[in-house]
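Undergrad: Here you go, sequence then predicted model.
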Amino acid sequence: MIWLLPLLAQAAEVQPDCEDPQYQIEMNICAARDYEEADAALNAQWEMTSATMKQWDAEHGFDDGRPGYFDTLLSAQRAWIAFRDAHCASEGYLFRGGSGEPMMISGCKAGLTRERTEQLRALVEFDG
């Protein structure tokens with residue numbers, strides 16, 4: 001990750017128009033911002049979903065030896081994070097060592113993060 005240091009130094013100086021980025025550094029910055037926005041939405045949804053799962057655990061108190069709603073959710077989230085990071089590193093390798101690699105990784109993470117946010121939302125909207 002040391003190779004990112006020069007890009008991060010440049011990024012601090014660049015204020016791109018993310019509606020129409022012209023240079024790779026701008027595209028990288030915009031992709032990173034997009035991921036940050038997706039991650040913030042995921043974290044907000046996580047708070048709501050995990051609170052609901054904890055509430056369901058308290059209400060139902062299953063005693064069948066299996067993990068509760070929240071413990072299962074937490075295990076799944078940890079596995080999903082590992083999957084997201086490894087999968088997006090693989091996508092980034094399509095541009096391995098090139099200036100577009102960070103953009104590919106951020107774009108991948110943004111897309112998967114939005115999908116996961118919807119999955120978390122659907123868990124608590126289920127009306128079975």
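TA: Alright, I've got the coordinates.

Undergrad: what sits against the spatially most central residue of the chain?
TA: Nearest residue to the geometric centre of the chain (CA atoms, centre = their mean): residue 113, 3.6 Å. For residue 113, the contact set (CB atoms under 8 Å, 6 or more residues apart in numbering) comprises 35, 38, 39, 41, 42, 84. In this view, the C-beta of every residue, glycine as well, is placed from N, C-alpha and C.

Undergrad: count of neighbours near residue 79?
TA: Neighbourhood size, residue 79 [other CB atoms under 10 Å]: 10.

Undergrad: Sorry, slip of the keys, the one I care about is residue 111.
TA: Under the criterion other CB under 10 Å, the count of neighbours that residue 111 has is 16.

Undergrad: Can you show me the helices along this protein?
TA: 4-13, 24-60, 69-92, 101-125 (DSSP state H).

Undergrad: can you put those in CSV and add mean pLDDT?
TA: Below are these laid out as CSV (pLDDT from 0 to 100):
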stretch, mean pLDDT
helix 4-13, 62
helix 24-60, 96
helix 69-92, 97
helix 101-125, 97
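
Undergrad: so how far is residue 113 from the residue of the chain positioned farthest from its centre?
TA: Within the chain, the residue lying farthest from the chain centre (CA atoms, centre = their mean) is residue 63, at 33.3 Å. As judged by CB to CB, to the nearest Å, residue 63 and residue 113 stand 35 Å apart.
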